[in-house]
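[1] following is a predicted model, sequence given first.
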Amino acid sequence: MGQLSPETIAIVKSTAPALQQHGVAITTRMYERLFVDPEMKALFDQAAQESGEQPKRLAGAILAFSRNVDNLDAMQGAVERICARHVETRIKPEHYPIVAEALLPAIKDVLGEAVDDRTLQAWGEAYWMLADAMIAREQQLYRQA
């Protein structure tokens, strides 16, 4: 797994309180951005969207990630479950950039002036560190299936 700089880690960790307060608004906004694309929308369980369960689950995962960005071992079980779910629902490596392009602007949409470019850059780096690890694990799972 790639290494993040101490500065990037500090920035991501510093956003945890804002994510705790606004996480569901951010993930709800992210899905709005994502679902402009019908192909992306089709990959997701719409009942879990409408109930608010999926945005809440993702917000919890992002918050946990922000708190443990320097200790991903603490999240190993959660990451393993997410990867297994991604393989079940046929998530592919090419979907990850599309999610990044929905998530990062959603953070800006919701937090506005509270988020500067360096914070978004740090989140981009953290996202891709985790995404690369998940893609590698999902490729293993696809091969085993």
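    Perfect, thanks for sending it. Predicted, not measured: the structure shown is a model, and the values here were computed from it.
[2] show me the residue at the heart of this protein, geometrically.
    For the chain, the residue nearest the mean C-alpha position is I62 (5.8 Å; Cα atoms, centre = their mean).
[3] looks like it contacts L19 (just checking).
    Yes - the criterion here is Cβ atoms under 8 Å, and I62 meets it with L19 at 6.0 Å. Quick note: C-beta positions are derived from backbone N, CA and C, even for glycine.
[4] got any residues that touch both of those two?
    Taking Cβ atoms under 8 Å, 6 or more residues apart in numbering as the criterion, I62 and L19 both touch I26.
[5] tell me the pLDDT at the residue nearest to the centre of the chain?
    I62 is assigned 96 on the pLDDT scale.
[6] now do the same contact list for it.
    L19, G23, I26, T27.
[7] just give me the closest of the residues you listed to A106.
    For those, the minimum distance to A106 (Cβ to Cβ) is 5.2 Å, reached by I26.
[8] give me the number of residues near the closest residue to the closest one other than its chain neighbours?
    Once flanking residues are discounted, I26 sits nearest to V110: 4.8 Å by Cβ to Cβ, 6 or more residues apart in numbering. Counted with other Cβ atoms under 10 Å, the neighbours of V110 add up to 21.
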